[in-house]
Structure formats: C-alpha cells, structure tokens
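Visitor: task: produce atomic coordinates for the following.
(4 chains)
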4 protein chains.
Amino acid sequence: MKKVRVAIIGASGYTGVEAIEILLRHPSAKATYLTALPEECGPVEEIFGQLRGRLDMKIEPLDLEKLADLADAALCCLPHKVSMGFVPKLLDAGLKVIDFSADYRLRDAALYEKYYVPHTDRKNLSHAVYGLPELYRKQIAPARLVANPGCYPTGASLALAPLLKEGLIKLSGIIVNAVTGVSGGGKNPSVIFHFPAMNENLLPYGVGTHRHMPEMEQTASDIAGKPAEILFQPHVGPFDRGILSSVYCDPTASVTSAQLLDLYHSFYRGEPFVQILSRPVALKHIAKSNYCHIYPAAVKGKIVVFSAIDNLVKGASGQAVQNLNLLFGLDETLGLK
Amino acid sequence: MKKVRVAIIGASGYTGVEAIEILLRHPSAKATYLTALPEECGPVEEIFGQLRGRLDMKIEPLDLEKLADLADAALCCLPHKVSMGFVPKLLDAGLKVIDFSADYRLRDAALYEKYYVPHTDRKNLSHAVYGLPELYRKQIAPARLVANPGCYPTGASLALAPLLKEGLIKLSGIIVNAVTGVSGGGKNPSVIFHFPAMNENLLPYGVGTHRHMPEMEQTASDIAGKPAEILFQPHVGPFDRGILSSVYCDPTASVTSAQLLDLYHSFYRGEPFVQILSRPVALKHIAKSNYCHIYPAAVKGKIVVFSAIDNLVKGASGQAVQNLNLLFGLDETLGLK
Amino acid sequence: MKKVRVAIIGASGYTGVEAIEILLRHPSAKATYLTALPEECGPVEEIFGQLRGRLDMKIEPLDLEKLADLADAALCCLPHKVSMGFVPKLLDAGLKVIDFSADYRLRDAALYEKYYVPHTDRKNLSHAVYGLPELYRKQIAPARLVANPGCYPTGASLALAPLLKEGLIKLSGIIVNAVTGVSGGGKNPSVIFHFPAMNENLLPYGVGTHRHMPEMEQTASDIAGKPAEILFQPHVGPFDRGILSSVYCDPTASVTSAQLLDLYHSFYRGEPFVQILSRPVALKHIAKSNYCHIYPAAVKGKIVVFSAIDNLVKGASGQAVQNLNLLFGLDETLGLK
Amino acid sequence: MKKVRVAIIGASGYTGVEAIEILLRHPSAKATYLTALPEECGPVEEIFGQLRGRLDMKIEPLDLEKLADLADAALCCLPHKVSMGFVPKLLDAGLKVIDFSADYRLRDAALYEKYYVPHTDRKNLSHAVYGLPELYRKQIAPARLVANPGCYPTGASLALAPLLKEGLIKLSGIIVNAVTGVSGGGKNPSVIFHFPAMNENLLPYGVGTHRHMPEMEQTASDIAGKPAEILFQPHVGPFDRGILSSVYCDPTASVTSAQLLDLYHSFYRGEPFVQILSRPVALKHIAKSNYCHIYPAAVKGKIVVFSAIDNLVKGASGQAVQNLNLLFGLDETLGLK
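Guide: Numbering: from 1, shown residues only, chains lettered A, B, ... in the order given. Alright, predicted model coming up:
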C-alpha cells in the first residue's frame, strides 16, 4: 500500500521531532518533507542528535510547490498567529492539514481574539474540526482541516467528559489544577526554564489568564449541551514530560466512587488510548505514550478526577497522528502503540 | 548567656538532621543530646555525611536520666503512636517538649482515633498547644508541650487564615491541592520513592483519606469560629523539598485581587517568616528557609491562594525551633534567618 | 511467518519490562511466557503501569513444561548465581538462551570465581558465546547460549575496540571512567537510591573492585590478541538511564583526532547501532535507544574516547534482542529501530 | 567591632547571590554595596526571590565614589576580560579586592593570552595572589588583590596537592575527570542548559581546550616545584551544584591506600574545610557548604583521588569569603560553618 506522505511544517521544535519519531514507527505513513525557518534548517540528525543514524533527511525552508508534490497531509507545528498565515496555503496546495496551534480551535473568532490576536482566516476557521478523537471522532474523519487540541485541554476534557455527558456535575465552579513538564514550554531557552532555575522548583503561572481555559470551556459546553465554566490553573514542574490534571467538581446528586468507575469504564469502552484506573494515576506511566490514564473518585461531597497524558504525545504529536489516521481511513492506532 | 540545651529524640531522620543543622546556627540554643533507635546510633558524621567536620557528637539510645541532666527541651521527632509513648517521660523529666508527630495536634481524641490509633496519653493531650506561631503565638509561649504542626497543614493554614478570620469565604467546598517534595515521605527507602520510580514522576495519593485533613479543618474552624470543611488532596513530585499549596475557595462576597493583597499584607504585618507576593510563588525560593511565601488572587468568581514552604523547615524543624524560641522567651527568629 | 516465541525469565525487573516493550514493537518475535518469583507475579499491567492496555499477559512462576511448550528462546534476566541454576534447565528444554547475568560472560571460571561465587555450570560455560554483536557477530549466530554483556563493558568495549584492533594504544594504564543512571542499580529500593538521597547527588563506587573490570579486560585482550589491563571506575548519577564512558589511554605512536575519526568510521562502517560523532556525545541522545554514540579525540598526548549507551537497551535488553535476531537468522535491527 | 564593609561587583549572578547569602550569616562582615549592569539592577528581593524579606538592599549601577565611601573590600564577580577593566579602579579606590574571574589567576600573561584575550592590566597581575587558602595562605593575608581560583582547579588542586608535595606521582599523564552541576554555567539561559535539554543528560565538553587546565597546571607545578602536566576533562551533569573530580595518576613508587590516607590526613591536619574520607565521597554531602571532601585510594597500580566541592561555595563565593577573612585578619571560618 502506498504510504500517506506527511509534511511537517515547523519541524525543528519539540512537537516536530516527536512527530518525526512517531512517523518513523508508522507502517502506513511517513515524513516526506520537513520545513522550518531558514535559521533552523539542516540535516535532521544535526538538529536532533537522537535521530542520528535513524533518518537521513533535511529540514528545509518551506517551498509550496515542493510541498504540493511531496505530501498528502501536513502537520503544522507553528505557533498561533503564524499558523493561520500558512494553513490557507497548505489547504490550497491540496493537503489535509492538522494544525497544532490555537488558531482553529475556538469556533468563536471573537473569543479567539479576546485571548489571542485578530483572526485572519475566518474562512477556514468555519470548517475546521476540533481534533479530540474520543469526543469528536465522527467529525474528524471527513475533515480537511483539523485543529489539534491544546495539551492541557486534552487532559482536562477527557477527565470531565463522562461527567458532563451524564449531567452529573454542576457547570460552574469546575476546577482544573494541572502540572505540566517543562517541554510544554517549548524548545527556546528562557530565564524561567534555565536548568538551575527550574530544577527543584514548582511554579504556578497564568493565574486566571491561561489561553487554554476558553478551549476547555468550549469542549465542556459542547458535551454538556449548555455553557460550562472552568477555572483552570496551570503549574510547571521539574520534569520533562507529562501533564497531571487534578479536577474538582460538584456533583448534582450523590454519587459513589464505584458508580464513577462504572461510568468511566462504560463511557470509554473500546477507546484504544484511554485507560480507567481504580487507583491514583502516575505521570511516569504515560511518558512517551499516547495513552490517557484516568482515575475518578467521590470525595467529601465533591468529585475528583485525575488524568495523566504526555503533553508531547497525546497532548500534541501523538494525537495529531491519531487524527491523521482518521483523516486517511487508517486504523486509528497505527504508529501509536 | 547560658544556651538552651536541646535534646533531639529520633535524630536519625530527615527532620532530625534538619534540626541539628538549624541549631548549629543558633546563637542561644544548642543540641546537647541526640537519640535514636539503637540500630540508628553512631557518630553524627557517619550517619549524616553532610555534618562531617561540623559536629562531633554521637546519636545514642535514649537514657532518661542522661536526658534530664543534659537538656532543657526536647524536639521529639518520632512517628505518631511511638511519640505518645515517649512524650510523657520527656515531660516528667522536666523538659519542655516540641513534638513533631500527630499525637498532640488534634484536640479531639476521638477524631485522632478515627484517623490514627487509640490515644494513650489524653492527659498531656489536654494541655498541648498547637505550634503554629503565626496563629497561636500567645498560647505557645507558656506551654510545656507543643504539637508541632504537620507540613501540609502549615502551608494550607497560613494560606487560608486571613480569609477565614475575615469571614470572606464559605466554610465548605474549600480545596487544598498540594504537592510535596519526596523528603516529606521520610528517610526509609520504598518502592514508590526509589529514584528511578519517582524521578520524572508526579503522583496524587491519599485521595480523600489523608490524615492532615482533620488537622487543617481544626485550625480553619478555630479561626473561623465555626466548623470548616476542607478537601485536601496531596501529591508528591520529583524534587527534594518544599510544599506548594494551591488553595481554591468560594468568596462570600465579591472581592478583587487588590483587596486580597491588602488583607494579606495587613493580616501578616510584622510576621517575620511570612511574605506576601503580588505574583505567583516559586517553590525554589523557600528551599532551606523558614519562610512561607503567599500569593492570593481573585479568579473567575473564586479565590485562589498559593503558598510555598519548605516541608522540612517551616513544615517541621524550622517551625519547631521557632516554637522553641517562643517557649524560652528568645527572639522568635534566632537560628532561622 | 511464524514469530519467534520468547520467554522472559525474571520479567519483573527493569530489564524484563524493557525486553517486553521492545518485543511489543518486534515484527518477527513476541513474548509468549513471562516468569518471575512467585511474590512478583501477576498481570503485567499491575506490575508495570506503563503497560496498561498494551499487553494482556500475566507474569507467572516458572513451569518448565509450559516453557518448553510456549517458547523457542529465553531471555534470562536473573541475577548472577541464580541464573546458572536455571540456564541448564532452559537449554535442556530445547530453548536458545540469552543470559543477562555475569554467569557465562567470563570464559575463565577461576576468574569468575574470584569476583563472584563458585561456578556451578562449567559445562555450558564452555560453549557460551559473549553477545556483543559488533565484535563477536560470527560466533553468536550459531550459538545456543549467549552471555549478554554487562552494561559498562558494552560501552567501554565499543569505545576501545578500534584502538585495540589497530594496536594504537598501550595495553596497560587504560582508564574507563563511567557514570551510569540509577536504573543500573535495579528495581529494589535501597538507602543509596532513595530519591532524596540520590537526587542532586553523584557517587563514585566500587573503587578498584567492580566486577565489570575483568569482563572489560577479557574483551580488550581478545581484540588486542594479548593481555590488556583496564582501570574501571564507575559512578552513579541523578538520572534514570544511560552510561557515559570517558576512556583515557596512551597511544603507542602519535595520532591526530582526524585520524582517530577515520579509524572509527572505518571500523564501524555498516554497523547499524554505532554512530561516530565528530563532537562530544550527549547522554540524552541515546535514551531509550539501542544506539551507541562514540566520539574519539587526541588530547595532550593521550587518546580520549567518549561513548554513550542506554544501560537498559544497548546495555541490556536491546542488545539481547539484537542477539536474539542473530540467533534466529533475522534482520539484526528488528524491533530496535 | 566594626564590620568589614563589602561591595559585590556583579551581584546579579549566581556567585553574587551566593556571596550575599554567606555575608548575611557573617558576624564580622556585611554587604554594603551591590552593583551590576544597569539592566540587572533593582531591589535584591526582586532579582533573587529567595532573599525576599531577608535583605532590604538594591543592586545599583557602579558608582566609584560611592564605592570608596561604602566599602573596605570588593568581591568582583565579573567575567574575565570585563574584570580587568574594573579591578584597577577598585584598587585605586583603596579597596582590597577578591576577583572571581580568570584575569589574575595565571601569573604568566602570555599563557593567559593564549587561552583568553590580551591582558590589559599586567601591573596588578604582578602582585595578585592566587586565593586557594589551603595552599597559599601566607601569601593571601598581606595581599591587596586576590585571584579567587576557578571552581574546577579548586577541587583538582586540593585532590592533588599532597601527592605533588610528597613527590609521589609522575608529573605527566595526570588525568582530572570532573563533573559539574549546571550552576557552573552561570545564570544566562542557553540552548544546552534549557531544562528539557539538560535534564536526564550528561555532557562532556571542552575536550582538550578548557581554560581551567593551565590554572591547574600552574598550581600543580608550584607545589611540585617543577612543571606538571594535567589532562583535564570537564562534564556537566543534571544537578544544580557541586563538582566531583575523579583524579587518576601514576605513582612514582608503590603505595597503599592506607598510606595515602595517612598522607592526606597529615597534609590537611587542622584545615577547617577539608575532610579526608576513608570511603567514596558523595556530592550531595558538600552542597551549600564550603567543605571539600577527599577520598584517595591506590588502585591497580594507579592512584585515584576523588574530591567533592560545591562549585558556588568552595569553588567561588565561599572561598572568596575565606579569602576576605584572611585579608582582614578574621577567623578564616567566619560566615562559612
């Protein structure tokens, strides 16, 4: 069978190399074209020492004609704002596009503009599909443009979905307390993430202002069928990978931990990448994997749900390949197990 | 001036060595007698390599007569249950006692027995004072037995006190999401805290069952003047020291972040070890110090408060020396700045 | 094609789970039988949380009849001494065996007994083959029993081989200064590897006594064709995986860094898992991979060679699967790229 | 007694804050003037969160008149080249100066210029004293300008001194294999020391070219009384603080480990900050302390010596205060125990 040919736009960052590594293991897709800003181009193994001997390709400046020739799909790993400048061109070149930025996640352009910048591609925003397969699988398959979810929203939404679907919780006062590994902050060095600053540290940030909050609320509202409000509080901790979300919410009626376990098992039955645990999750168990581990419990009149994902895999490049598989009618788990 | 002579009972653990190091810097107190179980005895510098050349003492099995001769006060660093077997003897020997265990923290013996074991020293429980100086300073000074607070309750109570005192928050639905460093689990090796298991990991635990929950509620209720209910969720993260508490609560009336900052500054004015920040705390800033950093904010209809302490200092041995200073009429900050 | 059926004896440790994960990705071999001591048995996903949802097998106490029925080959991940009690039975059951212990690595039983314990299986020792494919490939293919090399000797031998083969260095005074990650110490908790003890630490150990020294010397002498003497000094550092070897030796004649690079490129031409770098290696680049990165340089009249491997992959389970592939006539890289 | 008034020039970096913290504990000296580049100025507690509430000072741009008024001594924490532009002014202002840079360490200006840049202050170079108190104590006391040693040379020189003094080792072929914590690389963020790059990593660097090599050789030659040659190989590991040096050398005559221990004990008798161990050192035991732990052993015809120091304390600011104490006739250990 002919393999799906994948271009990675913005291949020089952490999500780029993660996508490259996943595609190296993929039996039915392969990276055929890697692009980045001119100053970040070069042989892949020079830029990512861990790929030495494993992939003989170059990262090159984007050439749209070459792109159209070489690829069936694009993983667009650019930052927000930059992304919506490129996505129209990728679509025009005839590719299916999975965009990693926030630019096509919020259906309400006004909401996007409140948290980000003026939206310059409302045309494509109108048909973009939110790429969280466990919750939007049917919409994803026929799409041309998939907005790959944010890392935090992925963990939070999977933790909350069964409760929201069943109407088991109040739609206000939901708290998502999350801790991410430092790779979530990207590859560029900074004062905060300098090793001696971040090592042995733990930092809350974005208090009340993080841009993933409206994204979580959009998904929660979708599932609940009415507006849901979430207080999302991110932290960054001294480890490379993973997001642990500790979610607190108020039940609409009395519920036991056993009932919650039943509900979660039932809701996620057959899902290839969601595992329901009957004891607390451990972040290390999902490192380098596309799995989401979830543990729900009823505690002191509240419902507490813990979810763990790898921010670079299920929270980014793994999920993107899951979407890619859906877009091309492949087994959803290819390259990911 | 004659220095206060301090015995450390259970000196071979992490809180023991932390107390030893603090007393080495103390101008008006010194460690004069160090005891532990026979199998953990020996020259201090053999047991704690970091004390090599700094302290020429032995850790010895406890001898009560020697204790009475050598010490004015005891820091009792034993685990719960064991502690209440020793504390009566320490008091009988004429010493003032600061107990690190949970045995004298809960005034309600029945509540203690629900979370721990049968209480075997109700007599001394009746006069024990809870040793959180910022909130119970007046009671501590004249006490004979001080129950040194738990590490988690110290961080949580200091975060919540101003809100509770002013009646600004509802007394139910308070959430304390906390992450501790691994030293909080003590010195004994375990499967969970084996380096390759804990490194690059983050673990929720004690879901709905942690024993520090009733202790937090006791203090919160004291301050509020009526019963307060707290959902406390601990986690352990891949670093040595520190507890970051992220506290969520519901205001009784609308409040701004600026008003909260004013309140906290005013409540803790003059406190030598509490610092109010107008931006998020960083755990590393309080490592090896007796300080508590607090940042309160009004967010999406909730109040969020972050507090950071070193679990072994303000959460254990530093606070114990603070209490020691109070018990002996010394400047509360001696040895701690 | 029928897959090679692999039993893992001692599957409950770090090398066991690493072998399980590699076999999950192997197109022509699969784990069919997993055994361990009775107290370490149970569903794989209970014992290794990272395998949840990925492998529905149990680790069971060893049953030799079942073994003979279920497996073509055994990876024997037992400690030295224990291993040579089992290996004869595995061979008698008709399996090809790859042994992870030291029991069949030293051809000279007397030397083994000096560093370890009395040898109780000299019969099989006599035909065992040392399983370092880059240096003993031809002997491995037809073997029935392969002694999988130690982690340190793998890194050191690959670093030294070209120099020894060409007679470029003196055969005494060779220094191998190596630092391993903590997983090298195994899964059992200990005082030294307790997180708060090992974190932010770096420890030399086994000064002049480490058991991997004679193993390195055996290989070095094999290649040189006469006795070579190595001073091996191990250290353990605060990270999970990897061994960095910094090797110092005295050239027999003047040599440049460029000449060394040429030699190493030439010596390892075509090797699928050895990469020669023209700048210093980075341990993180070989994490979770079967690659060995090597950088040789001429410095101040000495030759310095750096090699980096993952102690659990190229230093254990990856190399075992490489040997397995050779034993069964498969492409040597299957499951490992 | 009037306290020695200390200016810290370049106070905004890691060695600056370490010096500030040490002076906060010093009974006879205090920081009176803190300077840095204009863009790094501001209240100390804004720049170093760990000093919040502990020091009410500002870091200001340098004003030479103010300096002359406010300080008796200067710790000059500037980088090489920059430093020799300022030191003459500090001396002219009448201060005793302890310089942290390399600018006054190498007595041979030509050697300096080979490794660094053209030397622009040979005048003061001629009377500068190398500030390693254990080896140059007598020269330090009367000096006006002390060149504070490099971190690596401190650990290596203390490890080698007894052997060199007694003529026990050959003066060529000495190998110093050292691993430093990341704080050794300074405070400025970089691609290499970005947390996700450095975490779980270990890197050799500066192969054959590190600038601390000639400094080590100068000291070794001083002690030996004739030219000594050292191959110094630095590495950086995933931890904040400390340098572990593993030193290998060739004895001139047969020697036992017991004899080496005797020699080291005798050589360093009475030294307040050097501890001789009869088992391997542990880096964590000297974290945040001015101690140097040393373990010498005779191994396979070589002598191996391990030394451990904190690169920011004994390797920088602690040693500087030790020198300060000597310059002002104070007890050498003040502020440091």
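
Visitor: so, in contact with chain C or not, stretch A:46-57?
Guide: Yes: contact of stretch A:46-57 with chain C is found when judged by CB under 8 Å from any CB of the partner chain, involving A:49-50, A:52-54. (Each C-beta comes from the backbone N, C-alpha and C, glycine too.)

Visitor: list the buried residues for that stretch?
Guide: Taking 16 or more other CB atoms under 10 Å in any protein chain shown as the neighbour-count basis, stretch A:46-57 is seen to contain the buried residues A:47-55, A:57.

Visitor: and the contacts of that stretch?
Guide: With CB atoms under 8 Å, 6 or more residues apart in numbering or on different chains as the test, stretch A:46-57 has contacts from A:12, A:17, A:20-21, A:24, A:31, A:34, A:40, A:43-45, A:59, C:272-273, C:275, C:277, C:282, C:284-287, C:289, C:291, C:293, C:337.

Visitor: circling back: now, among the residues of stretch A:46-57 next to chain C, which is nearest to D:Pro142?
Guide: Closest approach to D:Pro142 among the residues of stretch A:46-57 next to chain C (CB to CB): A:Gly49, at 51.7 Å.

Visitor: which residue, neighbours along the chain excluded, lies closest to A:Tyr152?
Guide: In space, and not counting its chain neighbours, A:Tyr152 is closest to A:His212: 4.3 Å by CB to CB, 6 or more residues apart in numbering or on different chains.

Visitor: helices of chain A, residue ranges please.
Guide: Remark: helices assigned in chain A by DSSP state H are A:14-24, A:44-47, A:64-70, A:82-92, A:109-115, A:122-125, A:133-140, A:151-165, A:195-198, A:212-224, A:257-267, A:318-327.

Visitor: tell me which other helices or strands the third one touches.
Guide: Using 3 or more CB pairs under 8 Å, 6 or more residues apart in numbering or on different chains; DSSP states H and E as the contact criterion, the secondary-structure elements in contact with helix A:64-70 are strand A:4-9, strand A:29-35.

Visitor: could the ones you listed go into JSON lines alongside mean pLDDT, mean neighbour count and distance to chain D?
Guide: Converted to JSON lines, the helices and strands packed on helix A:64-70 look like this (pLDDT from 0 to 100; neighbours: other CB atoms under 10 Å in any protein chain shown; distance: least, CB to the nearest CB, whole Å):
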{"stretch": "strand A:4-9", "mean pLDDT": "98", "mean neighbour count": "25", "distance to chain D": "19"}
{"stretch": "strand A:29-35", "mean pLDDT": "98", "mean neighbour count": "22", "distance to chain D": "20"}
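
Visitor: would you turn those into JSON lines with distance to chain B?
Guide: Written out in JSON lines, the entries for those read as follows (distance: least, CB to the nearest CB, whole Å):
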{"stretch": "strand A:4-9", "distance to chain B": "26"}
{"stretch": "strand A:29-35", "distance to chain B": "27"}
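
Visitor: burial count for A:Thr252?
Guide: 13 (other CB atoms under 10 Å in any protein chain shown).

Visitor: OK, contacts around it?
Guide: Remark: with contacts taken as CB under 8 Å, 6+ apart, A:Thr252 is in contact with A:167-170.

Visitor: how about A:Ile9?
Guide: Applying CB under 8 Å, 6+ apart, we find A:Ile9 in contact with A:35, A:62, A:74-78, A:86, A:90.

Visitor: what is the nearest of these to B:Leu125?
Guide: Minimum distance to B:Leu125 across the contacts of A:Ile9 is 61.0 Å, recorded for A:Cys77 (CB to CB).

Visitor: any idea how far A:Ile309 is from the spatially closest residue to that closest one that is not a sequence neighbour?
Guide: Excluding its sequence neighbours, the residue lying closest to A:Cys77 (CB to CB, 6+ apart) is A:Gly10, at 3.7 Å. Look at A:Gly10 and A:Ile309: by CB to CB, to the nearest Å, they are 21 Å apart.

Visitor: and for A:Tyr33?
Guide: Spatial separation of A:Tyr33 from A:Ile309 under the definition CB to CB is 28 Å.

Visitor: so what does the residue sitting furthest away from the middle of chain A look like in phi/psi?
Guide: Here chain A reaches farthest from its C-alpha mean at A:Ser254, the gap being 32.7 Å by CA atoms, centre = their mean. As for A:Ser254, its main-chain torsions (degrees, to the nearest 10) stand at phi -60, psi 140.

Visitor: TSV for the buried residues of stretch A:46-57, including pLDDT?
Guide: As requested, the buried residues of stretch A:46-57 are exported to TSV (pLDDT from 0 to 100):
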residue	pLDDT
A:Ile47	96
A:Phe48	97
A:Gly49	96
A:Gln50	97
A:Leu51	97
A:Arg52	96
A:Gly53	94
A:Arg54	95
A:Leu55	95
A:Met57	97
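
Visitor: who's in contact with the closest residue in space to A:Pro79 that isn't next to it in sequence?
Guide: For A:Pro79, ignoring the flanking residues on the chain, the nearest one in space by CB to CB, 6+ apart is A:Ser101 at 5.9 Å. A:Ser101 makes contact with A:76, A:78-84, according to CB under 8 Å, 6+ apart.

Visitor: residues of the stretch 101-250 of chain A that sit close to chain B?
Guide: Of all the residues in the stretch 101-250 of chain A, those in contact range of chain B (CB under 8 Å from any CB) are A:172-173, A:175, A:177, A:179, A:181, A:197, A:199-205, A:207-208, A:229, A:231, A:233, A:235, A:237-242, A:244, A:246, A:248, A:250.

Visitor: pLDDT below threshold where in chain A?
Guide: For chain A, the stretches with pLDDT under 70 are A:1.

Visitor: chain C versus A:His210, what's the distance?
Guide: In this structure, A:His210 and chain C are separated by 29 Å, where distance is defined by CB to the nearest CB, to the nearest Å.

Visitor: what's the answer for A:Val182, then?
Guide: 14 Å.

Visitor: go on, A:Asn177?
Guide: When CB to the nearest CB is applied, the distance between A:Asn177 and chain C equals 22 Å.

Visitor: give me the number of residues near that residue?
Guide: Other residues lying near A:Asn177 total 24 when counted by other CB under 10 Å.

Visitor: coming back round to it: show me which of the contacts of stretch A:46-57 are buried.
Guide: Judged by neighbour count, with 16+ other CB under 10 Å as the criterion, the buried members of those are A:12, A:17, A:20-21, A:31, A:34, A:40, A:44-45, A:59, C:272-273, C:275, C:277, C:282, C:284-287, C:289, C:291, C:293.
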